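# dropping a prediction and its sequence here:
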Amino acid sequence: MKWRLVCVCVAALGGCSHPAAPVQTKQAEVGQGEIGSLLPDFSARDFEGREISSADLHGKVVLVDIWATWCAPCRKEMPGYQKLADRYRTNGFVVIGLKADMMTDTENPLAFAQKTGVHYPLVVATDALLQKFGGLQGLPTTILYDRQGVLRKKVIGFEYTDVFEAALKRLL
């Protein structure tokens, strides 16, 4: 009798087991402009009329510099980013400047760029374009994306070029 009871219990338990359902891990959603978010889809024309598109940036390390002519820290950072662009261009590094347009320029943006020695592509950033990068929280804002288009570093406010160069070298 005991033997039958054990067999019934084992049979019952065996019949209760179901193949394990696949475990689904839900990755936390990362907001646009936050570390881990992806380079947004965008298309814009630079000051010289050339089209700049996120599609052209696939496979490249991308530094996005959000600036304004009236921003003194922007004026200080931009020549350093140009040096990085010149130094690492052949390694697949690109710098794009997005000129914030929330206040009147203190000077002609092209003259400003020329005076600061900047010749990387510069785009007038509409509010809609800035929102794609997470919105504007302060100037300057510098954003660094890896070759897969993942945001790896973001600084709101002034930062020394060598800090971004160190981060950049790890991504190249």
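Arrived safely, thanks for sending. In this text the structure is predicted, and so the values were computed from the model without any measurement.
# mind giving me the packing neighbours of the helix or strand that contains residue 128?
Applying DSSP states H and E as the criterion places residue 128 in helix 127-132. In terms of contacts (3 or more CB pairs under 8 Å, 6 or more residues apart in numbering; DSSP states H and E), helix 127-132 is packed against strand 93-100. (Each C-beta comes from the backbone N, C-alpha and C, glycine too.)
# who's in contact with the strand it packs on?
52, 57, 60-69, 71, 78, 81-82, 84-85, 109, 113, 118, 120-125, 129-130, 133, 136, 139, 168, 172 (CB atoms under 8 Å, 6 or more residues apart in numbering).
# rerun at 7 Å
52, 57, 60-68, 81, 84-85, 109, 118, 120-125, 129-130, 136, 139, 168, 172 (CB atoms under 7 Å, 6 or more residues apart in numbering).
# give me the buried positions along the next helix or strand after it.
Scanning forward in sequence from strand 93-100 by DSSP H and E, the next helix or strand is helix 109-116. Residues 109, 112, 113, 116 are the ones in helix 109-116 that count as buried (16 or more other CB atoms under 10 Å).
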